[in-house]
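1. Build me a model from this:
(one chain, ligands or ions: 1)
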Amino acid sequence: MPSWPNSNETSDDDDEFMSEFSSMQMEYFQTPETVIDPSFCGLVIESDRRCILHRQRAGKFVAFEGTDTGRRFIGCATEDGVNCGVLEWVDAPWPVILQRCLTKLWDMYHEQNLGRAQDNEAHGTEVAKLHKELDSLANQYSQLVDDVSKLFDYQDGIKSHDMDCTSQAINELKEKKRRLEEQAKIELQMEKLKLKKEQSHC
Ligand SMILES: [Zn+2]
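-> Modelled structure (predicted):
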């Protein structure tokens with residue numbers, strides 16, 4: 001496997017490891033994003049290559065970031081905690097034109113993501129506005145329902161009031177009729193008595 005300028009040879013020797021570690025720059029820790037490629041993945045089995053910090057068996061990766069997109073590298077295989085980064089690039093840096101194209105593609109991708117995020121935000125604002133309107137409409141609706149039911153209650157009240165008046169009038173008429181009938185009976189009896197009296201005088 002070829003080795004490229006920004007790689008560091010490691011050995012199991014502790015002194016070498018320590019000097020290597022102390023001279024190590026932060027860029028070694030900046031592990032690029034990777035993509036899983038079935039032709040270059042898993043742990044390194046061809047050699048006893050170990051990562052700098054953890055001294056664990058190194059892994060095979062394919063970078064998926066910026067101008068390094070698609071470059072294979074040997075790197076730290078630790079999945080949690082600090083990843084101690086690239087040990088060795090397998091592929092040389094891409095030709096400059098390809099690097100520029102990759103940069104452009106990533107820029108387009110990030111721009112589109114940003115646009116989508118902005119769209120999402122605008123959409124979220126619109127949704128919040130619609131929710132507010134919906135709440136307001138719901139309030140107006142329940143107010144309307146209240147008003148209508150109050151109106152019905154009022155009309156029912158008037159109706160029952162009317163009914164009360166009518167039945168009162170009927171009762172009054174009935175009472176009047178009863179009194180008139182009674183009066184007529186009395187008058188009839190008086191007429192009968194008068195008639196009897198006249199007959200007895202004869
Ligand atoms: Zn490591």
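2. Got the domain ranges for this structure?
-> By the record's domain assignment, the chain is partitioned as 14-94, 95-178 (automatic domain parsing).
3. now residue 157: how far from the ion?
-> Separation of residue 157 from the ion (C-beta to the ion, to the nearest Å) stands at 85 Å. (Glycine included, C-beta is placed from N, CA and C.)
4. what about that residue, neighbour count?
-> The number of residues packed near residue 157 is 10, by other C-beta atoms under 10 Å.
5. what helix or strand is it on?
-> helix 96-201 (DSSP states H and E).
6. hang on, the earlier thing: now mean pLDDT too, for the domains of the chain, in TSV please.
-> Formatted as TSV, these follow (pLDDT from 0 to 100):
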stretch	mean pLDDT
domain 14-94	85
domain 95-178	93
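7. Return the most buried member of the ones you listed.
-> Of all these, domain 14-94 carries the top mean neighbour count, a mean of 15, counting by mean count of other C-beta atoms under 10 Å.
8. and it, how far from the chain's centre?
-> Centroid separation for domain 14-94 versus its chain: 39 Å, with C-alpha atoms, centre = their mean, to the nearest Å.
9. can you pull the contacts of the residue sitting nearest the centre point of the chain?
-> With distances taken as C-alpha atoms, centre = their mean, residue 124 lies nearest the centre of the chain, 9.5 Å away. With contacts defined as C-beta atoms under 8 Å, 6 or more residues apart in numbering, residue 124 has no neighbours.
10. how much space between it and residue 142?
-> 27 Å (C-beta to C-beta, to the nearest Å).
11. ditto for residue 37
-> For residue 37, the distance to residue 142 - C-beta to C-beta - is 60 Å.
12. And the helix holding residue 157, how far out from the chain middle?
-> Chain-centre distance of helix 96-201: 35 Å, with C-alpha atoms, centre = their mean.
13. Please convert the domains of the chain to a markdown table, extending it with distance to residue 187.
-> Written out in a markdown table, the entries for those read as follows (distance: least, C-beta to C-beta, whole Å):
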| stretch | distance to residue 187 |
| --- | --- |
| domain 14-94 | 118 |
| domain 95-178 | 15 |
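14. Pull up the residues of the protein that are close to the ion.
-> Within the chain, the positions near the ion by C-beta under 5 Å from the ion are 51, 53-54, 76, 78, 84.
15. Pick out the most distant pair among those.
-> Farthest apart among those by C-beta to C-beta are 53 and 78. That separation is 8.0 Å.
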